[in-house]
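Student: Fold the stuff below for me.
(2 chains)
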Protein chains: 2
Amino acid sequence: MRFVQGTAGGVIALGIACGVAVAQPAAANAAAQRAAVRSPDVQADGSVIFRLRAPDAKAVKVTGDFLASGTTLDAVKDDQGVWEAKSSPLPSDMFTYNFMVDGVRALDPSNPAVVRDGTWVESHVIIPGPLAELLDIKDVPHGRVTAVWYPSPTIGMSRRMMVYTPPGYEKGNDKYPVLYLLHGAGGDEEGWINRGRANYILDNLIAAGKAKPMIVVATNGMAANPAAPDDRPWRMLSAPASGQASGPGAMISGKFEESVMKDVIPFVESNFRVKASPADRALAGLSMGGYHTQRITNANPGAFQYIGVMSMGLFGGAAYNKEEHVAQLKKLKAANPKAYYIFCGKSDFVYKGVTELRALYDEIGLKYVYRESPGAHSWYNWRLYLTEFAPLLFQ
Amino acid sequence: MRFVQGTAGGVIALGIACGVAVAQPAAANAAAQRAAVRSPDVQADGSVIFRLRAPDAKAVKVTGDFLASGTTLDAVKDDQGVWEAKSSPLPSDMFTYNFMVDGVRALDPSNPAVVRDGTWVESHVIIPGPLAELLDIKDVPHGRVTAVWYPSPTIGMSRRMMVYTPPGYEKGNDKYPVLYLLHGAGGDEEGWINRGRANYILDNLIAAGKAKPMIVVATNGMAANPAAPDDRPWRMLSAPASGQASGPGAMISGKFEESVMKDVIPFVESNFRVKASPADRALAGLSMGGYHTQRITNANPGAFQYIGVMSMGLFGGAAYNKEEHVAQLKKLKAANPKAYYIFCGKSDFVYKGVTELRALYDEIGLKYVYRESPGAHSWYNWRLYLTEFAPLLFQ
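Tutor: Have a look, this model is predicted:
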């Protein structure tokens, strides 16, 4: 484990005693594969050809969020051992995919673009066009993204958040409004950056004058986890059945929601140059984060003037107390938020719950704007919602 | 692509027109797999059992940087379709691995720990013990890691660097010394963070009082690339034979080395609270970054009082001019750096070149410390070298 101190020009050293050696061949193979096989290959009509050299595989399929739920594309092998599958034409957007090689998920070795969302690591493709212009890295000023550890006495640990500061933040003394962005179940604080492209979406919107310069804070909504997997202690990853701490305990403890108000916001407001009024504070979340958003804003009427609930409806179940919910919503209505947006995909599995939530808000007279997109419960919608929500904020 | 503005409570919306839907089943499958199969399973003696459920695969192997170059572990399938392979006992450290499923590389679906280094995405395992204590996320104050874009007029583009600021940087007015860390060929600015764990190594060393609080700056050494793959414009990833821009043009243009002096250091020294004297400036790099380190420090004697060359020797070839090299080294000797370290693994493929470099330094009388470790050209050595180098700095 330790070196023995060497002298100048002298020889050395004890060390880690094992037969370790470089795995260069795998890297060389990957480079050769990239040279030989083009994938993903975006066609003029927006369809994508996926290719994988796998002469020894029995069956190769493609999974992806551009496919209907539970479906895959079957690939066909040519005489060179290269499997190929083609999607239908796709709209301008970013989509994620994997190969399934004899039943095992594999990244596209020809594609260097890889995003991680929780334990889900995928290749991605961008279909050029209008929405890609908002998601892509453009030649505009880029804000900074910082991984920040903060104390969370409410949850009882140090936790990690990602903070986007807009271009120019680091110079000057201006204070900025803050958008707090919450991820879904199984995700983590990096999701809105990695897969959500929130930093590049903001860069592009700000550069175009379509959004106000703002700080974006993405937290980790799984109360049992301090951070994304690689930023958690190894002992938390190496337990049997490891992975995300999940289930009702981690997701719906109420501790995370409490920590947003007691730990996250005070930390951000005392560690960054922030306008600390409700008119300069927005909260939005997707799926579980939409549930968290509801819970936090319901319990703290007036704390946020901008609220975005993405792909999450009425959260019923045995513990649901309609009377209490209605009482909270009436207080929220009285606080009169400047904007309350509900977003949902037309084929999202939470669609019915969203309809119920809207019906309840209509009953109470809580004003909101409902925005429905095609598609389901996936990131292509959440990124789209962010491109719509961010421009509305702090105007 | 766009919504039609909805009214409160009203219905909506045009949008991206395609048959997109959620890929929840893949996530559910991954969760089920994690629950059912334990992998990696670290044994008391440091050996690791790798397991993969793949009843339909014909052959499963394990690759990893703990194996001798070019070798793999063959896995054996049980009657449940779970493949298993066991390593020899490994020392306390972090190692990366993948499965090869019928010839295709695949992450371990049971393991949420995934690191990316250039286009190489791998699962990783940490063997508990002394070195793991330096690499792991411990209950100590954590510095911040920021992705920062900076102008590089020398290379002609905006480029991205990762900046570690030590705990406490953001409060107070102290100025800090800076360690510049350079990656190897095919890597990028995230390598020293992702796979190198530089931020956690520094957190742990600083908390133990073994290293001075310092800023660490990791740049992108491939002059053709502005940033890591997911932070490059899609057009740069989607060209035929995409991936890292590489080869002699990208690696050895000289532009990157020039940009470190003209763009990177002036930017860091004017954008962070930095002690800007040579005694507060260290430069170290691995492999190609060791070559860059030599080139930069040879051409700028006196600019860095601390120099670390990891796994890179004399860089010969047709263009090599010994006379010029010796003239530079004599100036560097006259500048009398406080510490010049050369690190190499005993079975590294650059070992001979390192021996030649040392012989040349001996001939000239340029003082250095040589530190040799077991093993080859891989990250377990570079992390080890950082744990040794960082404590020497700025004392």
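Student: So which helix or strand of chain A has the lowest pLDDT on average?
Tutor: Every helix and strand in chain A was compared by mean pLDDT, DSSP states H and E; the lowest is helix A:247-251, with a mean of 49.
Student: Buried ones in stretch A:37-55, by neighbour count?
Tutor: By neighbour count with 16 or more other C-beta atoms under 10 Å in any protein chain shown, stretch A:37-55 contains the buried residues A:37-42, A:46, A:48, A:50-54. Glycine gets a C-beta too; all of them are placed from N, C-alpha and C.
Student: what's the farthest-apart pair in those residues?
Tutor: The largest separation in the buried residues of stretch A:37-55, counting by C-beta to C-beta, is between A:46 and A:54 at 25.7 Å.
Student: which residues touch the helix or strand containing residue A:353?
Tutor: For residue A:353, the host element (DSSP states H and E) is helix A:351-364. Here helix A:351-364 makes contact (C-beta atoms under 8 Å, 6 or more residues apart in numbering or on different chains) with A:309, A:311-316, A:325-326, A:329-330, A:333, A:342, A:344-345, A:348, A:367-368, A:370, B:9.
Student: if we go to 6 Å?
Tutor: A:313, A:314, A:329, A:344, A:368, A:370, B:9 (C-beta atoms under 6 Å, 6 or more residues apart in numbering or on different chains).
Student: helix/strand/coil for residue A:147?
Tutor: Classification of residue A:147 using DSSP: H, G, I helix; E, B strand; the rest coil returns strand.
Student: so it touches residue B:147, yeah?
Tutor: No. In this structure, residue A:147 is not within contact of residue B:147 by C-beta atoms under 6 Å, at 8.8 Å.
Student: which residues of the stretch 201-350 of chain A score low on pLDDT?
Tutor: Low-confidence segments of the stretch 201-350 of chain A, defined by pLDDT under 70: A:239-253.
Student: Now do the strands in it.
Tutor: A:215-218, A:281-286, A:306-310, A:339-345 (DSSP state E, counting those that start in this stretch).
Student: could you dump those strands to TSV with mean neighbour count and distance to residue B:286?
Tutor: Listed next are the strands of the stretch 201-350 of chain A as TSV, based on neighbours: other C-beta atoms under 10 Å in any protein chain shown; distance: least, C-beta to C-beta, whole Å:
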stretch	mean neighbour count	distance to residue B:286
strand A:215-218	26	31
strand A:281-286	28	39
strand A:306-310	28	42
strand A:339-345	25	45
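Student: Could you check the pLDDT of residue A:10?
Tutor: Listed pLDDT for residue A:10 reads 30.
Student: now swap in residue A:30 and tell me
Tutor: pLDDT at residue A:30 comes out at 52.
Student: so where do the helices sit in the stretch 151-300 of chain A?
Tutor: For the stretch 151-300 of chain A, applying DSSP state H, counting those that start in this stretch gives helices covering A:191-194, A:198-207, A:234-237, A:247-251, A:255-259, A:265-271, A:288-299.
Student: Need the ones you listed in TSV (columns: mean neighbour count).
Tutor: Shown next, in TSV, are these (neighbours: other C-beta atoms under 10 Å in any protein chain shown):
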stretch	mean neighbour count
helix A:191-194	27
helix A:198-207	22
helix A:234-237	17
helix A:247-251	14
helix A:255-259	23
helix A:265-271	16
helix A:288-299	24
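Student: Make a markdown table from those and add distance to chain B to it.
Tutor: Below are the helices of the stretch 151-300 of chain A laid out as a markdown table (distance: least, C-beta to the nearest C-beta, whole Å):
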| stretch | distance to chain B |
| --- | --- |
| helix A:191-194 | 7 |
| helix A:198-207 | 8 |
| helix A:234-237 | 4 |
| helix A:247-251 | 10 |
| helix A:255-259 | 17 |
| helix A:265-271 | 6 |
| helix A:288-299 | 13 |
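Student: Make CSV from these and add distance to residue A:378 to it.
Tutor: Below are the helices of the stretch 151-300 of chain A laid out as CSV (distance: least, C-beta to C-beta, whole Å):
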stretch, distance to residue A:378
helix A:191-194, 12
helix A:198-207, 16
helix A:234-237, 26
helix A:247-251, 19
helix A:255-259, 23
helix A:265-271, 28
helix A:288-299, 14
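Student: Among the ones you listed, which comes closest to residue A:89?
Tutor: helix A:198-207 (23.8 Å).
Student: So what's the residue count around the closest residue to residue A:275 other than its chain neighbours?
Tutor: Counting by C-beta to C-beta, 6 or more residues apart in numbering or on different chains, the nearest residue to residue A:275 once its immediate chain neighbours are dropped is residue A:175, at 4.7 Å. With neighbours defined by other C-beta atoms under 10 Å in any protein chain shown, the count for residue A:175 comes to 14.
Student: In this structure residue A:175 contacts residue A:277, no?
Tutor: No. With contact defined as C-beta under 6 Å, residue A:175 does not reach residue A:277; the gap is 10.1 Å.
Student: list the contacts for residue A:57?
Tutor: Counting by C-beta under 6 Å, 6+ apart, residue A:57 has contacts A:101, A:102, B:102.
Student: A helix includes it, no?
Tutor: No. Counting by three-state DSSP, residue A:57 is not part of a helix but coil.
Student: Enumerate the beta-bridge partners assigned to residue A:340.
Tutor: residue A:307 (DSSP bridges).
Student: any idea how far the residue nearest to residue A:275 is from residue B:66?
Tutor: 50 Å (C-beta to C-beta, to the nearest Å).
Student: Kindly reformat the strands of the stretch 201-350 of chain A as CSV containing distance to residue A:62.
Tutor: Converted to CSV, the strands of the stretch 201-350 of chain A look like this (distance: least, C-beta to C-beta, whole Å):
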stretch, distance to residue A:62
strand A:215-218, 29
strand A:281-286, 25
strand A:306-310, 27
strand A:339-345, 22
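Student: which one of the ones you listed lies closest to residue B:153?
Tutor: Closest among these, using C-beta to C-beta: strand A:215-218, at 28.7 Å.
Student: Other residues contacting the closest one?
Tutor: Strand A:215-218 is contacted by residues A:161-165, A:176, A:178-181, A:189, A:192, A:198, A:268, A:272 when judged by C-beta under 6 Å, 6+ apart.
Student: Go again with 8 Å.
Tutor: Residues contacting strand A:215-218 (C-beta under 8 Å, 6+ apart): A:161-166, A:169, A:176-183, A:189-193, A:196, A:198-199, A:202, A:264, A:268, A:272, A:274.
Student: follow-up on the earlier one: so which of the helices of the stretch 151-300 of chain A is nearest residue B:96?
Tutor: Nearest to residue B:96, of the helices of the stretch 151-300 of chain A and by C-beta to C-beta, is helix A:234-237 at 13.6 Å.
Student: The closest one: how far from the chain's middle?
Tutor: Relative to its chain's centre, helix A:234-237 lies at 22 Å (C-alpha atoms, centre = their mean, to the nearest Å).
Student: And for stretch A:167-183?
Tutor: Here stretch A:167-183 shows a centroid-to-chain-centroid distance of 19 Å under the convention C-alpha atoms, centre = their mean.
Student: Just the endpoints, please. Distance across it?
Tutor: 24 Å (C-alpha to C-alpha, to the nearest Å).
Student: what comes up buried for it?
Tutor: Result for stretch A:167-183 [16+ other C-beta under 10 Å]: buried residues A:167, A:169, A:176, A:177, A:178, A:179, A:180, A:181, A:182, A:183.
Student: need the contact list for the nearest residue to the fourth one once chain neighbours are set aside.
Tutor: Yep, that's residue A:177 we're talking about. Counting by C-beta to C-beta, 6+ apart, residue A:177 lies nearest to residue A:280, which is 3.6 Å off, once chain neighbours are set aside. Residue A:280 makes contact with A:176, A:177, A:178, A:274, A:305, A:394 under the criterion C-beta under 8 Å, 6+ apart.
Student: biggest separation within the contacts of helix A:351-364, which pair?
Tutor: A:329 and A:344, at 18.3 Å, using C-beta to C-beta across these.
Student: Would you confirm that residue A:41 contacts residue A:82?
Tutor: No. With contact defined as C-beta atoms under 8 Å, residue A:41 does not reach residue A:82; the gap is 11.7 Å.
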